[in-house]
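[1] build me a structure from this.
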Amino acid sequence: RYNHKFEWELLRLCSSYFVVGGSEKIFKHFIKMFDPSSIISYCDNSKFEGNVYLSLGFKLFKRNNPSRHWYNPNELRPHITDNFLRQRGYDQLFGAHFGKGTDNNVLMLNRGYLPVYDCGQSTYTWFSTYNER
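    Take a look at the predicted model:
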């Protein structure tokens, strides 16, 4: 989806039931069916420690720094990620004409948005070369 250096990306690993060893069983079935060479997945550090990835044979590749989000409950769009703000820019998001060189952070604060930081995410990778099948 995002990182094209990997053959597969594990987007979600969830279940409405708790089954002992369920993650491992599902993952082994996937490996058997699709014979992947590489898989990448991302773990939200605010919700999980990443233990399930280690139990599946993934290795911790990288711990990313916390990212900033902007919140203002009085706006039509109360939540804007810092990444989206950088991609689009304040002018495009709000139909303004401040132009280049204007600090997005100052504009967001002046509009009543407050910065909130998350806990970051961790990146886990799996390669068939270091896992037995």
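[2] show me what contacts the residue nearest the centre of the chain?
    Central residue of the chain (CA atoms, centre = their mean): Y42, 5.5 Å from the mean position. Y42 is in contact with 121-124, counting by CB atoms under 8 Å, 6 or more residues apart in numbering. The C-beta positions use only the backbone N, C-alpha and C, and glycine is treated the same way.
[3] distance check, the residue located most distally from the centre of the chain against S23.
    No residue in the chain sits farther from the centre than H97, which is 31.3 Å out by CA atoms, centre = their mean. Noted for H97: a distance of 51 Å to S23, by CB to CB, to the nearest Å.
[4] cool, and I40?
    17 Å.
[5] and the closest residue to D44 other than its chain neighbours, how many neighbours?
    In this structure, D44 finds its nearest non-sequential neighbour in Q121, 5.6 Å apart by CB to CB, 6 or more residues apart in numbering. For Q121, the neighbour count with other CB atoms under 10 Å is 20.
[6] now H4
    Neighbours around H4, by other CB under 10 Å: 7.
[7] re earlier: residue contacts, the residue nearest to D44?
    For Q121, the contacting residues are 42-45, 64, by CB under 8 Å, 6+ apart.
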